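Asks: take this sequence and fold it.
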Amino acid sequence: MQGEDFVGYLPESVRWGTDSRTIYFSWNPDGDTLRSDYRIRVGENRPVKVTDEELKAMPGRGSYNTDRDQMVYSRNGDLYWMETGTGKTRQLTNTVGYESSPEFSGDDQFIVYESDNNLFTWEIATGEITQLTNFIKGNKRSSRSSEGQKKWLEDQQMELFDVLRERKAVSDARRKRREQLEPDRPVEIYYGSKRIGGMTASPDLRYVAYRLTTTVDDKISEMPQYVTESGYAEMARTRPKVGDIQDSYDSYLYDRQRDTFYTIKTGEIPGIKEKPAYLFEYHEGEEEFEREYKNDRDVIVAGPYFSDNGQAVVVIRSLDNKDRWIMQLDLETGSLKLLDRQRDEAWVGGPGISGWNFSGGTIGWLPDNEHIYFQSEATGFSHLYLLNVKTGDKKALTNGKFEIISAQLSNDGSTFYIVSNAESPHEHHFYHLPAMGGKMQKITQSKGGHEVDISPDEKYLAIRFSTSNQPWELYVMENKAGAEMTRLTESTTEAFGTYDWRKPEIVRFRAADGAQVPARIYRPENPTPDGPAVIFVHGAGYLQNVHEWWSSYFREYMFHNILVDNGYTVLDIDYRASDGYGRDWRTAIYRHMGGKDLSDQVDGAKYLVDEWDVDADRIGIYGGSYGGFITLMALFNNPGTFKSGAALRSVTDWAHYNHGYTANILNTPTTDSIAYQRSSPINFAEGLEDQLLILHGMVDSNVQFQDVVRLAQRLIELGKDNWEFAVFPLESHGFVEPSSWTDEYKRIFRLFQETLK
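Replies: Numbers count the residues shown, from 1 in each chain. Purely as a prediction, here's the structure:
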């Protein structure tokens, strides 16, 4: 429970220097108070701590020109330009303002950047700065002549008095003269009280796309903090709840040549009014119930993504997340043309497809300016596709019962660099794939997990590699098949190395509905007949924990070794909704959390009894966050299956969780009350018969402390006395303090010792 102090401070934040030979990373081999940046060159084997002077001069992640011999980046709100071959650097701005997001224009003659919510260019040849947009927060003040009564009075004055007419004529003439002599400026665009963002210029700098967000000042939860520096109880604002009114978005184009702006016409999207299927359950037999909404669904636009010759595509996601459209954008009119639509009556998701907020996922253009590439779950697994924007022809570049985790195009546009679980759902490897299609070539070979960073010249790979019982270390190898992967760091502590950490076996068991459920099993060397067992439920819902790499649940992994040392069998299940197994596995919990994901735990308990000589009356269950939720559902809905359970930082009522996560799976409480009723543990608390331990941080801003307080009151009113409640006053959702971790797991261990042994 000491975390990094016991395991070791593993290398993190890996990135390449612009010379493509130096790897930088965050590390702390000496156990200092803070981590530091280190560097190591290819061919060397000794990491060196980066000095403060080097750190100050170090370029950030930047944008390259076409030939990749120049790079531009921002640091501390200023812009820098670099010759990548020589490392020669030039500071372009030094202001109290904040310049950010620099990129090269399509012809590499300008650097386009953002400052004070506007776009500017810096001309490389001359150093001239030009403002491309003139976005102004607030509303334009009305002129007097536009107001009825005042205009009438003004007109009357002009009719009555010659002197006033003459003075006005002179004033108008002077103003017109000044305007003729003034340089051209971009049109003023007032955006009121909305929030502006997503500014992107076309390669020829003619068009600027931008997004306006209408924010909702809805009711925000407040969280009391009792242990504070001031000695007073203090309140912290957290977040709204699922189903509260959400922000809305509108996307626009500004044509600098015509000095005009206009909306991207999302009303033209096919299926924009289509209702989701679940609504029809509430209106079965009602002939008058319409299949479409009267108004368009709310959407968010990601992009545009420009080709080298100025074509544009956008990725549009409906805010109910039932649809994702890829559409070609006519920059001159704002009109849209459908290229691909992915609809999912559960929710659109999967690797490289749909992220939170403004992410368009994996998408881009090939150098031929005819093909775009993107990922889609059309086959039930996330795969890579090409689509010809002229003909509409779509081609799958990958196919099979595996997922493309990530994909990026090489600098020359000839090859895709891919991370995939094609080898096995439990391994991640790095591959090459010809851009126009062909066979995936496996580059990494070692069994485990590979997190890959490609050098700017694409000749080398910096890799974080781990196995299920060995933590992440940094390696380097040439970017070609058959190359040797050379280890660069030794991070684990001497104390960690004194124990022979187990490598859990990956198994599959048959669920009641026939599904083959993956799991990891930890087993004593000499198990006693009819021994005890514990099932661990990972968090996050769609997260994967049955794999061959070092788990983010490393404390739980070490705790499982302790349990095995004490005679327990441990089963760690990738239940329905877990990541890595395709769309059907991911969405199996749609509209019923605590359905298939819970029955997989129950079937796992049966599997332990039938196959591993475990006593059916000596099985416990525990987990945190989503795992805590499942633990509650297990004890409330399947009494007798688990003798005891520990629910850590658990959701007790999904109507009180956040919108972005919950609405995908359960829709909203007002539109799909059935889903919330059958998915929330607090509704089934009367079923508690076995021993329950609840553990929760009091300043949890994710699953708020209110969740378990409400459940506690429910259990009190039901007269239940076989439960205990441990609170941690200074901990949020992810515990930080070793003392809290230790206290928490001592309690869990004691629960299992007392109830299972």
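Asks: hmm, what's the outermost residue in this structure?
Replies: D162 (68.7 Å; CA atoms, centre = their mean).
Asks: ramachandran angles for that one?
Replies: phi -60, psi -40 (degrees, to the nearest 10).
Asks: repeat for G85
Replies: G85 adopts backbone torsions of phi -70, psi -40, taken as degrees, to the nearest 10.
Asks: who's in contact with it?
Replies: By CB atoms under 8 Å, 6 or more residues apart in numbering, the residues touching G85 are D69. Heads up, the C-betas are built off the backbone N, CA and C, glycines and all.
Asks: where does the prediction get shaky in the stretch 351-500 of the chain?
Replies: Applying pLDDT under 70 to the stretch 351-500 of the chain picks out residues 355-357.
Asks: also the stretch 601-750 of the chain?
Replies: Along the stretch 601-750 of the chain, the model assigns pLDDT under 70 to no residue.
Asks: show me where it has its strands.
Replies: With DSSP state E, counting those that start in this stretch as the criterion, the stretch 601-750 of the chain has strands at 614-624, 644-648, 691-697, 723-728.
Asks: looking at the ones you listed, spot the one closest to N664.
Replies: strand 614-624 (20.7 Å; CB to CB).
Asks: and that closest one, what's buried?
Replies: Within strand 614-624, the residues scored as buried using 16 or more other CB atoms under 10 Å are 614-615, 618-624.
Asks: ok, and what's touching it?
Replies: Residues from elsewhere that reach strand 614-624, judged by CB under 8 Å, 6+ apart: 530-539, 569, 601, 605, 608-609, 630-631, 634-635, 641-650, 748, 751-752, 755-757.
Asks: mind redoing it with 6 Å?
Replies: Applying CB atoms under 6 Å, 6 or more residues apart in numbering, the contact partners of strand 614-624 are 530, 532-535, 537, 539, 569, 605, 608-609, 630-631, 634, 642-646, 648-649, 748, 752, 756.
Asks: quick check: PyMOL command selecting the buried ones in those residues.
Replies: Selecting only the buried entries of the contacts of strand 614-624 in PyMOL, with 16+ other CB under 10 Å as the criterion:
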select buried, resi 532+533+534+535+537+539+569+605+608+609+630+631+634+642+643+644+645+646+648+649+748+752+756
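Asks: surely Q408 meets F416?
Replies: No - using CB atoms under 6 Å, Q408 makes no contact with F416, being 7.1 Å away.
Asks: between the two, which one's more packed in?
Replies: Neighbours were counted for Q408 and for F416 using other CB atoms under 10 Å; F416 has more, 23 against 14.
Asks: which phi and psi values does that one adopt?
Replies: In terms of degrees, to the nearest 10, the main-chain angles of F416 are phi -100, psi 130.
Asks: which non-adjacent residue is nearest it?
Replies: If the residues on either side of it in the chain are set aside, F416 comes closest to L433, at 4.4 Å by CB to CB, 6 or more residues apart in numbering.
Asks: swap in A435?
Replies: Excluding its sequence neighbours, the residue lying closest to A435 (CB to CB, 6+ apart) is S414, at 5.4 Å.
Asks: what secondary structure does the nearest residue to S551 once chain neighbours are set aside sit in?
Replies: Closest residue to S551 apart from its sequence neighbours, by CB to CB, 6+ apart: Y557 at 5.2 Å. Secondary structure for Y557, judged by DSSP: H, G, I helix; E, B strand; the rest coil, is helix.
Asks: what's near enough to touch T266?
Replies: Contact partners of T266, counting by CB under 6 Å, 6+ apart, are V299.
Asks: can you pull out the strands in the stretch 251-400 of the chain?
Replies: 260-263, 299-306, 312-318, 323-329, 336-343, 363-365, 371-376, 383-388, 394-396.
Asks: got the buried residues for the second one?
Replies: This means strand 299-306. For strand 299-306, burial by neighbour count (16+ other CB under 10 Å) applies to 299-306.
Asks: and if you look at the last one?
Replies: If you call a residue buried by 16+ other CB under 10 Å, then strand 394-396 has no buried ones at all.
Asks: tell me which strands and helices it is in contact with?
Replies: strand 383-388 (3 or more CB pairs under 6 Å, 6 or more residues apart in numbering; DSSP states H and E).
Asks: and for the strand it packs on, what's in contact with it?
Replies: With contact meaning CB under 6 Å, 6+ apart, strand 383-388 is reached by 339, 370-376, 394-399, 404, 407.
Asks: list just the nearest of those to D52.
Replies: Relative to D52, the closest of the contacts of strand 383-388 is A407; by CB to CB it sits at 37.4 Å.
Asks: just the element for the closest one, please.
Replies: Using DSSP states H and E, A407 maps to strand 404-409.
Asks: could you give the angle of that strand to strand 383-388?
Replies: Here strand 404-409 runs at an angle of 40 degrees relative to strand 383-388 (axes from the mean of the first three to the mean of the last three CA atoms, to 10 degrees).
Asks: mind saving the C-alpha coords of strand 404-409 as CSV?
Replies: This file holds the C-alpha atoms of strand 404-409, laid out as CSV (Å, rounded to 0.1, in the frame of the first residue of the first chain):
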residue,chain,number,x,y,z
ILE,A,404,-7.2,-1.5,-33.5
ILE,A,405,-6.3,0.4,-30.4
SER,A,406,-4.7,3.3,-32.2
ALA,A,407,-3.5,4.2,-35.7
GLN,A,408,-1.3,7.0,-37.1
LEU,A,409,-0.1,7.7,-40.6
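Asks: can you state the direction angle for that strand and strand 371-376?
Replies: Counting by the same axes, to 10 degrees, strand 404-409 lies at 160 degrees to strand 371-376.
Asks: quick one: contacts of strand 404-409?
Replies: Under the criterion CB under 6 Å, 6+ apart, residues 351, 362, 364, 375, 382-384, 398, 416-420 lie in contact with strand 404-409.
Asks: ok, and the most crowded of these?
Replies: Most neighbours among those, by other CB under 10 Å: S382, with 27 neighbours.
Asks: pretty sure it contacts P351?
Replies: Yes - counting by CB under 6 Å, P351 is a contact partner of S382 at 4.6 Å.
Asks: common neighbours of these two, please.
Replies: Common neighbours of S382 and P351 (CB under 6 Å, 6+ apart) are E403.
Asks: please name the residues that touch Y522.
Replies: 502, 504, 560, 564, 570.
Asks: same question for W365.
Replies: Counting by CB under 6 Å, 6+ apart, W365 has contacts 307, 372.
Asks: and which of the contacts of Y522 is nearest to S739?
Replies: Among these, and counting by CB to CB, the member closest to S739 is H560, at 21.4 Å.
Asks: burial of D453, as a residue count?
Replies: D453: 16 surrounding residues under other CB under 10 Å.
Asks: whoops, N566 was the one
Replies: With other CB under 10 Å as criterion, N566 counts 13.
Asks: what's the spacing between it and Q601?
Replies: For N566, the distance to Q601 equals 22 Å [CB to CB, to the nearest Å].
Asks: so where do the strands sit in the stretch 451-600 of the chain?
Replies: Secondary structure of the stretch 451-600 of the chain (DSSP E, counting those that start in this stretch): strands at 460-467, 470-478, 486-487, 505-510, 516-522, 531-537, 569-573.
Asks: the last one relative to strand 531-537, how many degrees between them?
Replies: Between strand 569-573 and strand 531-537, the angle formed by their directions is 20 degrees, by the same axes, to 10 degrees.
Asks: quick check: which helices or strands does strand 569-573 pack against?
Replies: strand 516-522, strand 531-537, helix 596-611.
Asks: how does it look with 10 Å?
Replies: Judged by 3 or more CB pairs under 10 Å, 6 or more residues apart in numbering; DSSP states H and E, strand 569-573 is in contact with strand 505-510, strand 516-522, strand 531-537, helix 554-565, helix 596-611, strand 614-624.
Asks: next: the third one.
Replies: Counting by 3+ CB pairs under 10 Å, 6+ apart, the packing neighbours recorded for strand 486-487 are strand 460-467, strand 470-478.
Asks: my read is that K337 contacts K390, right?
Replies: No - in this structure, K337 is not within contact of K390 by CB atoms under 10 Å, at 11.2 Å.
Asks: thanks a lot, see you next time.
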